[in-house]
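[1] Here's my sequence, what's the structure:
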Amino acid sequence: MKLTKLLHLLFAFTLLLGIVSCSSDNTIEEQEIFYGNGFLIANEGSYGKPEADVTFVSADLSLKQDNIFAFNNSGSKLGDVLQMIAFNGENAYLLLNNSNRIQIANRSNFKANGQITAELNSPRYMAFANNNIYVTNDKYMGDKYVSIYRVSDRSFIKKIAFTDAAERIVEAGNNIFVQNASFGFGNKITYINTSTNEVQSTITLPAGNINKIISSNQNVYAIAADAANSYIYQISSTGSITKTTTLTGIADAKNLEISNGKFYFTSGKKVYGMDMSATTAPSSPLFTVANSVDDYSALYGFSVINDKIFTSDSNGFTQDSKIVIYNTSGAVIKSFTSGIGSNSVYPN
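    Now for the predicted structure:
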């Protein structure tokens, strides 16, 4: 594996736990690298090709290593379309949409230690609750359902079928919430009681189509939009809408994130931030990202972790993504390339 210039101090870096030897072309030949206390970037790869993998970046942003799954598993390909990464205990769960597989690896050394393949058909997202794994599946023009597995032995338990989209899925208060909306169409969220693994209720948002749901501090937050305005809904862990923040004049807001008591979201190429307690929309964005080869690529990935705002330009999936990290004032902290189709950043 070739290391970028960002890694020229790799061998002095304290994350190296074992013996490292390197040749003149900066190839790591033998290693034991600790991937905790940093960030993991999910790289989808091109659809239909086994190009998916993960990039590691250290917490201080001084070290980067690409393709860490292949690197730590004898060159094995991760698969096709890494949709997301989730964590439970010592493991990272890598959901591969077009490979119909969840690859499991130790989150510290990224050695593979199992996988889930049963009852997966175009899986989208996953969440953990009550010692189970809940996975949304949404086949184009096909079945839509949540498949449920035991964490302990990864065995399949049951399916919950849907007629609407089965997209993002989050946990709050040990209950599961499913976003029944995709690609800006749909205004419903399904609440699943994890004690019975049955649908408890359906929440219908009063305005806007849902672009994303997330969970924070035992609440669910949904960002929705119509042609003129956008809305952030706070939903309790028992399925009640408890607060609505109207983003007047901001159309098609999406990519909602929460960090240190603030909402962050995007509209077009603009990135906004506001206090969660605010009652009015911000008057101006924190920053606007640069143009890309197309509008779809410019903000393909957006994550906010500990007041670092990570953006990804996917470059039309024709070359490596460009990651730009900003502070909460909108100033650039760091930029570098990652893999094909970088869609999310996760703390590890």
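[2] Okay, now the unreliable bits of the stretch 51-200 of the chain?
    For the stretch 51-200 of the chain, applying pLDDT under 70 flags no range at all.
[3] Now do the helices in it.
    68-72 (DSSP state H, counting those that start in this stretch).
[4] Strands of that one, start to end?
    All strands of the stretch 51-200 of the chain, identified by DSSP state E, counting those that start in this stretch, fall at 53-58, 64-65, 82-88, 91-96, 101-106, 112-116, 123-129, 132-138, 144-150, 156-161, 169-172, 175-182, 185-193, 198-204.
[5] And those: which comes nearest A281?
    strand 185-193 (20.0 Å; CB to CB). (Each C-beta comes from the backbone N, C-alpha and C, glycine too.)
[6] just to revisit the earlier point, including distance to A222 and mean neighbour count, could the strands of the stretch 51-200 of the chain go into CSV?
    CSV is the format used below for these (distance: least, CB to CB, whole Å; neighbours: other CB atoms under 10 Å):
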stretch, distance to A222, mean neighbour count
strand 53-58, 28, 24
strand 64-65, 33, 24
strand 82-88, 18, 20
strand 91-96, 21, 23
strand 101-106, 25, 21
strand 112-116, 27, 16
strand 123-129, 14, 23
strand 132-138, 15, 23
strand 144-150, 18, 21
strand 156-161, 20, 14
strand 169-172, 10, 23
strand 175-182, 7, 25
strand 185-193, 6, 19
strand 198-204, 9, 14
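[7] how about those, which one is nearest K212?
    Closest to K212 of those is strand 175-182 (CB to CB; 7.5 Å).
[8] export the closest one as CSV, just CAs?
    Written as CSV, here are the backbone C-alpha positions of strand 175-182 (Å, rounded to 0.1, in the frame of the first residue of the first chain):
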residue,chain,number,x,y,z
ASN,A,175,-36.5,2.0,20.1
ILE,A,176,-36.0,2.0,16.4
PHE,A,177,-37.2,4.6,13.9
VAL,A,178,-37.3,4.0,10.1
GLN,A,179,-37.3,6.8,7.5
ASN,A,180,-40.1,6.0,5.0
ALA,A,181,-38.8,8.5,2.5
SER,A,182,-36.0,8.6,0.0
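[9] Pull up the pairing partners for it, direction included.
    Partners of strand 175-182 in the sheet, by DSSP bridges, are strand 169-172 (antiparallel), strand 185-193 (antiparallel).
[10] Which one, of those, ends up nearest to D307?
    D307 sits nearest to strand 169-172 of all these, at 21.8 Å, using CB to CB.
[11] how far is that closest one from where the chain is centred?
    Distance, stretch centre to chain centre, for strand 169-172: 13 Å (CA atoms, centre = their mean, to the nearest Å).
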